[in-house]
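A.B. asks: quick one, what's the 3D model for this:
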Amino acid sequence: MANSWRRVLGAAIGTAAEAFVDAAGRAFETERLPPDDHRPWPVPDAPWAMTQAWSDVLFAHGSVRASALRPHVPAGLRLETWRGSAWVGITAFVVTGARLRGLPAVPGFADFAEVNVRTYVTAGGKPGVYFFSLDAGSALTVMSAWAWYALPYFFADARLVATGDRLTVTSRREHAGAPPAELEAHYRPIGGVSRPARTGFERWLVERYGAYTVDDGALVRAELHHAPWPLQRAEVAIERNTLFAAAGLDVTGPPRIAHYSSGVETVAWAPVTSSPATRSA
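C.D. replies: Below is the predicted model:
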């Protein structure tokens with residue numbers, strides 16, 4: 001019943017939003033997108049649908065056996081590995097200025113903290129991200145993104161506080177009926193700013209321009225675009241983390257590698273649904 005209601009709501013939101021983006025969005029949005037020569041494929045020809053900035057970003061990654069992670073990735077998505085290992089990440093950041101194309105930012109929707117759990121997949125030759133969960137401090141965002149993009153969003157008491165160069169992220173899921181999940185972590189940047197090499201491991205982790213999910217057996221992809229991430233290595237201490245367990249993942253221990261980014265401004269296109277998914281290796 002919940003999935004049927006979500007699909008009806010998502011179709012209504014999507015139809016209205018895409019009609020607005022195609023009309024008023026084209027009329028009121030004239031700025032140029034960042035160059036796309038760092039992407040593995042060009043940006044879509046269609047007008048983008050949403051924009052937001054991601055700031056004070058933590059990427060905290062650990063490796064897992066691909067055979068242990070693959071059963072948690074839906075059919076139609078090929079789990080990607082780096083030198084034989086799959087990778088899962090916790091990403092925490094502040095969202096600012098979230099809005100639909102052609103509209104101003106709306107209070108209660110535009111600015112909030114978010115924490116997500118992700119891994120790396122490919123479909124149709126386009127590498128991207130698969131989310132196990134996204135916890136956000138905006139109920140409006142949770143409802144609209146869950147309905148329109150079919151992403152596993154949950155409402156949470158999520159906060160990110162800066163004290164000098166030290167950042168503290170806390171998140172406690174408060175979504176009715178969802179598995180409880182918490183995160184408390186402290187992090188700070190160390191070292192200079194760099195941009196990932198075109199063929200290196202850091203680029204493989206962070207330069208991802210598609211988000212994937214599966215909805216009622218069909219594959220859904222949302223295209224994203226932003227300038228290359230400015231990265232610094234990060235020092236991170238995780239005090240509490242039950243996000244992996246809430247997603248059914250057996251991942252323990254501290255992150256193997258962590259990065260900080262001051263952030264990027266990003267745009268996203270409306271989700272595109274393809275034929276029913278089939279199992280990928």
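
A.B. asks: now the helices for the chain?
C.D. replies: Assigned by DSSP state H, the helices in the chain fall at 2-20, 26-28, 66-69, 139-149, 201-206, 243-246.

A.B. asks: run through the residues that contact Ile257.
C.D. replies: Contact analysis of Ile257 by CB atoms under 8 Å, 6 or more residues apart in numbering lists 61, 205. In short, each C-beta sits where N, CA and C put it, glycine included.

A.B. asks: partner residues bridging it?
C.D. replies: Beta-bridge partners recorded for Ile257 (DSSP bridges): His61.

A.B. asks: with His225 instead?
C.D. replies: Beta bridges link His225 to Val267, judged by DSSP bridges.

A.B. asks: how near is it to Val121?
C.D. replies: 19 Å (CB to CB, to the nearest Å).

A.B. asks: how much space between Arg70 and Gly84?
C.D. replies: 13 Å.

A.B. asks: typo on my end, it should be Ala158
C.D. replies: Ala158 sits 34 Å away from Gly84, going by CB to CB.

A.B. asks: those two: which is more packed in?
C.D. replies: Set side by side, Ala158 and Gly84 give different neighbour counts by other CB atoms under 10 Å, the larger being at Ala158 (24 against 8).

A.B. asks: who touches that one in this structure?
C.D. replies: Neighbouring residues of Ala158 by CB under 8 Å, 6+ apart: 112-115, 135-137, 169-172.

A.B. asks: just send those back as CSV, with pLDDT too.
C.D. replies: As requested, those are exported to CSV (pLDDT from 0 to 100):
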residue, pLDDT
Phe112, 95
Ala113, 97
Glu114, 97
Val115, 98
Asp135, 97
Ala136, 95
Gly137, 93
Val169, 98
Thr170, 98
Ser171, 98
Arg172, 98
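
A.B. asks: who touches Tyr260 in this structure?
C.D. replies: Taking CB under 8 Å, 6+ apart, we find Tyr260 in contact with 56-59, 187-190, 231-234.

A.B. asks: Met50 too?
C.D. replies: Neighbouring residues of Met50 by CB under 8 Å, 6+ apart: 98-101, 267-268.

A.B. asks: any low-confidence regions in the stretch 1-150 of the chain?
C.D. replies: For the stretch 1-150 of the chain, the stretches flagged by pLDDT under 70 are 1-31.

A.B. asks: which residue ranges form the strands in the stretch 1-150 of the chain?
C.D. replies: 50-65, 78-79, 85-100, 112-123, 126-136 (DSSP state E, counting those that start in this stretch).

A.B. asks: the shortest one - contacts with which helices or strands?
C.D. replies: Secondary structure elements in contact with strand 78-79, counted by 3 or more CB pairs under 8 Å, 6 or more residues apart in numbering; DSSP states H and E, are strand 112-123.

A.B. asks: tell me the angle of the strand it packs on relative to strand 50-65?
C.D. replies: Angle between the axes of strand 112-123 and strand 50-65 is 60 degrees (criterion: axes from the mean of the first three to the mean of the last three CA atoms, to 10 degrees).

A.B. asks: partners of strand 112-123, with directions?
C.D. replies: strand 78-79 (antiparallel), strand 85-100 (antiparallel), strand 126-136 (antiparallel).

A.B. asks: of the ones you listed, which is nearest Val206?
C.D. replies: strand 85-100 (9.0 Å; CB to CB).

A.B. asks: please save the CA atoms from the closest one in PDB.
C.D. replies: What follows is strand 85-100, C-alpha atoms only, in PDB (Å, rounded to 0.1, in the frame of the first residue of the first chain):
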ATOM      1  CA  SER A  85      37.100  -4.800  -3.000                       C
ATOM      2  CA  ALA A  86      33.700  -3.100  -2.800                       C
ATOM      3  CA  TRP A  87      33.400   0.100  -0.900                       C
ATOM      4  CA  VAL A  88      30.700   1.600   1.300                       C
ATOM      5  CA  GLY A  89      30.700   5.200   2.400                       C
ATOM      6  CA  ILE A  90      29.000   7.500   4.900                       C
ATOM      7  CA  THR A  91      28.600  11.000   3.500                       C
ATOM      8  CA  ALA A  92      27.600  13.900   5.700                       C
ATOM      9  CA  PHE A  93      27.100  17.500   4.600                       C
ATOM     10  CA  VAL A  94      24.900  20.600   4.800                       C
ATOM     11  CA  VAL A  95      22.500  21.300   2.000                       C
ATOM     12  CA  THR A  96      21.800  25.000   1.200                       C
ATOM     13  CA  GLY A  97      19.600  26.800  -1.400                       C
ATOM     14  CA  ALA A  98      17.700  23.700  -2.500                       C
ATOM     15  CA  ARG A  99      15.000  24.700  -5.000                       C
ATOM     16  CA  LEU A 100      13.300  23.700  -8.200                       C
END
